[in-house]
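Undergrad: What would the 3D arrangement of this be:
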Amino acid sequence: MFATFTDLEFDDMDVAKKTATDVWSEMKEAAATDFRATQTGSNSLRTRTLWKSQEECEAALDKIRAAGSSASGMKVVATLSGDMVMTLD
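TA: Below is the predicted model of the structure:
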């Protein structure tokens, strides 16, 4: 598993939620397996997406971010990624 983390700022949090929902099917088709978003400020989110592999993620990520960026008022602030090394339930 491979994980990506993205910090985003939005003009409108309702638009942020709708954008994530709209893009999710495309992300799943590109090998994403799980998506979580945490509101970190009045107009910001941090997302965590799990992917089947780094290769599949990298092949899809620019297209996915472009689709999300087309949403009005969205700005990518920071990104991180790496191999998932542990999961505790």
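Undergrad: in the helix or strand harbouring Ser81, what counts as buried?
TA: Applying DSSP states H and E as the criterion places Ser81 in strand 74-83. Neighbour counts over strand 74-83 (16 or more other C-beta atoms under 10 Å) mark Met74 as buried. Any C-beta I mention is one placed from the backbone N, CA and C, and that applies to glycine too.
Undergrad: Now do that strand: which elements does it pack against?
TA: strand 2-10, helix 13-29, helix 54-69 (3 or more C-beta pairs under 8 Å, 6 or more residues apart in numbering; DSSP states H and E).
Undergrad: I'd like these as JSON lines, with mean neighbour count, mean pLDDT and distance to Phe35 appended.
TA: Below are the helices and strands packed on strand 74-83 laid out as JSON lines (neighbours: other C-beta atoms under 10 Å; pLDDT from 0 to 100; distance: least, C-beta to C-beta, whole Å):
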{"stretch": "strand 2-10", "mean neighbour count": "19", "mean pLDDT": "93", "distance to Phe35": "10"}
{"stretch": "helix 13-29", "mean neighbour count": "15", "mean pLDDT": "87", "distance to Phe35": "6"}
{"stretch": "helix 54-69", "mean neighbour count": "15", "mean pLDDT": "79", "distance to Phe35": "11"}
